[in-house]
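Structure of the sequence below:
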Amino acid sequence: MALARSVWPVIALLVFACKSAGGSEPSSAASLESAVAEKPAATAPAPAAPAPAAQPESAAIGKPAPDFTLPDLDGNTVQLSSFRGKTVVLEWFNPGCPFVQASHTKGSLKGTGDRYTKEGVVWLAINSGAKGKQGAGRENSLAGKQRFGFSYPVLLDESGAVGKLYGAERTPHMYVIDPNGVLVYRGAIDNSPDGEGESPTSGTLVRYVEEAIAAVKEQRPVTTPETKAYGCTVKYE
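Model prediction:
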């Protein structure tokens with residue numbers, strides 16, 4: 001019994017020494033390293049979605065006319081803003097439309113665009129008809145230009161984007177832009193909805209576009225800045 005009592009202290013000392021020398025209990029540094037390793041890595045924030053491209057504002061009287069670039073019948077690009085400093089007239093055009101035909105052969109569009117072009121006004125016809133529609137496309141536009149005998153450009157807007165931006169509903173639908181690039185008139189060429197200039201609604205023929213051009217030249221407000229256009233519907237897609 002005396003031997004047993006003397007052996008137990010020795011055994012206790014050996015157990016303590018084993019634990020101190022790297023036994024099963026981890027040190028505080030090892031515990032910290034293990035916790036860091038087990039912690040999930042921070043997720044990188046997802047990149048912000050790109051902001052949508054700003055859409056141009058629709059045409060409005062008294063506001064800057066929306067800029068655009070369209071090809072002419074020769075494939076040359078024409079940009080509206082390149083004419084800043086000049087009065088610009090936009091004429092929505094469909095050579096297959098009876099109202100356009102009447103206006104160009106007998107009514108208020110006959111020879112008018114070329115006359116104002118000689119005076120320094122920029123006159124642009126725009127065909128917003130979609131492929132396969134009445135009067136649409138390069139060949140129809142070229143044939144119409146030759147038939148009506150005018151020399152100013154015809155621009156092709158087959159997607160209809162420019163026509164819709166300007167709210168063009170009829171052919172002809174007319175727009176006048178002053179030298180500062182501001183839209184000052186839109187609507188009918190005149191007040192004779194037969195297109196021939198022979199049946200004015202007021203008894204007297206009023207050529208709205210010519211009145212607007214005169215007002216711009218004289219630097220005074222346009223008396224009638226907006227009217228209801230008459231003619232065929234624009235043949236959008």
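
wait, is V216 part of a strand?
No - going by DSSP: H, G, I helix; E, B strand; the rest coil, the assignment for V216 is helix, not a strand.

So what's the residue count around the closest residue to it other than its chain neighbours?
Once flanking residues are discounted, V216 sits nearest to D178: 4.8 Å by C-beta to C-beta, 6 or more residues apart in numbering. For glycine as for every other residue, the C-beta is placed from the backbone atoms N, C-alpha and C. Per other C-beta atoms under 10 Å, the neighbour tally for D178 reads 20.

Buried ones in stretch 139-151, by neighbour count?
N140, S141, G144, K145, F148, F150 (16 or more other C-beta atoms under 10 Å).

now the residue minimising distance to the centre of the chain: how far from R220?
In the chain, the C-alpha nearest the mean C-alpha coordinate belongs to P56, at 4.7 Å (C-alpha atoms, centre = their mean). The gap separating P56 from R220 is 29 Å, by C-beta to C-beta, to the nearest Å.

which residues touch the nearest residue to A136 once chain neighbours are set aside?
Distances taken as C-beta to C-beta, 6+ apart put G129 closest to A136, at 3.0 Å, once the chain neighbours are dropped. Residues near G129 by C-beta atoms under 8 Å, 6 or more residues apart in numbering: N94, G135, A136, G137, N140, E158, V234, K235, Y236.

most surrounded residue in the residues you listed?
N94 (29 neighbours).

So that residue: helix, strand or coil?
Under three-state DSSP, N94 comes out as coil.

okay, it: pLDDT?
You'll see N94 listed with a pLDDT of 98.

I'd say it and G135 touch.
Yes - judged on C-beta atoms under 8 Å, N94 makes contact with G135 at a distance of 4.0 Å.

okay, and the common contacts of those two?
In contact with both N94 and G135: V100, N127, G129, T171, K235, using C-beta under 8 Å, 6+ apart.

partner residues bridging the second one?
Under the criterion DSSP bridges, N127 forms beta bridges with L156.

picking that back up, out of the shared contacts of N94 and G135, which are inside helices?
Judged by DSSP state H, the subset of the shared contacts of N94 and G135 located in helices is V100.

what's the next secondary structure element after the helix or strand that contains H104?
Using DSSP states H and E, H104 sits in helix 98-105. Downstream of helix 98-105, the first helix or strand assigned by DSSP H and E is helix 112-118.

What ranges does this protein have for its helices?
Going by DSSP H, the chain shows helices at 2-20, 28-38, 98-105, 112-118, 137-148, 161-166, 208-217.

rank those helices by mean pLDDT and give me the bottom one.
Looking at the helices of the chain, the weakest mean confidence is helix 2-20, a mean of 40.

Please name the spatially closest residue to V209 (chain neighbours excluded).
M174 is the one closest to V209 (C-beta to C-beta, 6+ apart), at 5.0 Å.

Y185: which of the contacts of G129 is nearest?
Proximity of those to Y185 (C-beta to C-beta) peaks at V234, which lies at 18.2 Å.

Compute the first-to-last residue distance for stretch 144-164.
23 Å (C-alpha to C-alpha, to the nearest Å).

And for the closest residue to P179 other than its chain neighbours, the neighbour number?
Excluding its sequence neighbours, the residue lying closest to P179 (C-beta to C-beta, 6+ apart) is G85, at 5.2 Å. Here the number of neighbours of G85 (other C-beta under 10 Å) works out to 9.
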